[in-house]
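Q: Dropping a prediction and its sequence here:
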Amino acid sequence: GQNIDQPTEMTATEGAIVQINCTYQTSGFNGLFWYQQHAGEAPTFLSYNVLDGLEEKGRFSSFLSRSKGYSYLLLKELQMKDSASYLCAVRDYSSASKIIFGSGTRLSIRP
Amino acid sequence: GAGVSQSPSNKVTEKGKDVELRCDPISGHTALYWYRQRLGQGLEFLIYFQGNSAPDKSGLPSDRFSAERTGESVSTLTIQRTQQEDSAVYLCASSLGGANTEAFFGQGTRLTVV
């Protein structure tokens, strides 16, 4: 089975940096995804990590440590539009490679 | 089509009625997922189709829930004898099916059981 943990809520200030952590336990890790979901909308893909290290994409970066079962999403130069839920998800090849999501972290940005 | 399409976008039904939700994946995507999202909560896995393999139905909450997929195209999620606790947004996603391919989501069907 899979177990994915991330904080329920976080608050940060416009222009600052925030790090959202995700820990996971799976039988057969085969990649980790981060998605963004604005209220009332569908999730949209942000990043994918399958090897250890940092993947950078503009203001967003994602890090993975497979040995620790740990990932984080780093958001820089926060903007008000970054207020959303951020979902960590894992693909597990021992479960037919389906993608399982954590409960999400609701990020609020204050001016 | 350009993206994943779901219909209807909203459905209000009476308790005890059956409902059918439809998902049109992106053309060429072999993998298709159904998730349920209750208000303010995360995505709950329901069922996963991958090509011609037997679907992974391990997330279906009860035998009132079933899903079908025709080849690598349209999928329908059927909920029989709906209950109030079935009220949620039902999200469909599709992907190319490779290990490093992300899933693309439809806009969901908001189901309200009254």
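A: Arrived safely, thanks for sending. Remember, predicted model here, so these are calculated numbers, not experimental data.

Q: wait, residue B:4 sits on residue B:92?
A: Yes: look at residue B:4 against residue B:92 with C-beta atoms under 8 Å: they come within range, at 5.9 Å. Glycine gets a C-beta too; all of them are placed from N, C-alpha and C.

Q: Which neighbours do those two have in common?
A: Residues touching both residue B:4 and residue B:92 (C-beta atoms under 8 Å, 6 or more residues apart in numbering or on different chains): B:23, B:25, B:105, B:106.

Q: Can you tell me the number of residues neighbouring the residue lying closest to the second one once chain neighbours are set aside?
A: In space, residue B:25 comes closest to residue B:94 once its chain neighbours are excluded; the distance is 3.3 Å by C-beta to C-beta, 6 or more residues apart in numbering or on different chains. Around residue B:94 sit 26 other residues, with neighbours defined as other C-beta atoms under 10 Å in any protein chain shown.

Q: next one: the one 3 residues further on
A: Other residues near residue B:97 number 17, with proximity taken as other C-beta under 10 Å.

Q: Contact partners for the residue nearest to residue B:25?
A: Neighbouring residues of residue B:94 by C-beta under 8 Å, 6+ apart: B:4, B:23, B:25, B:26, B:29, B:31, B:32, B:33, B:103, B:104.

Q: one more time with 6 Å
A: Contacts were defined as C-beta atoms under 6 Å, 6 or more residues apart in numbering or on different chains; by that measure residue B:94 touches B:4, B:25, B:26, B:29, B:32.

Q: what about the strands in chain B?
A: Using DSSP state E, the strands found in chain B span residues B:5-7, B:10-13, B:19-24, B:31-37, B:44-50, B:65-69, B:75-79, B:88-95, B:104-105, B:109-113.
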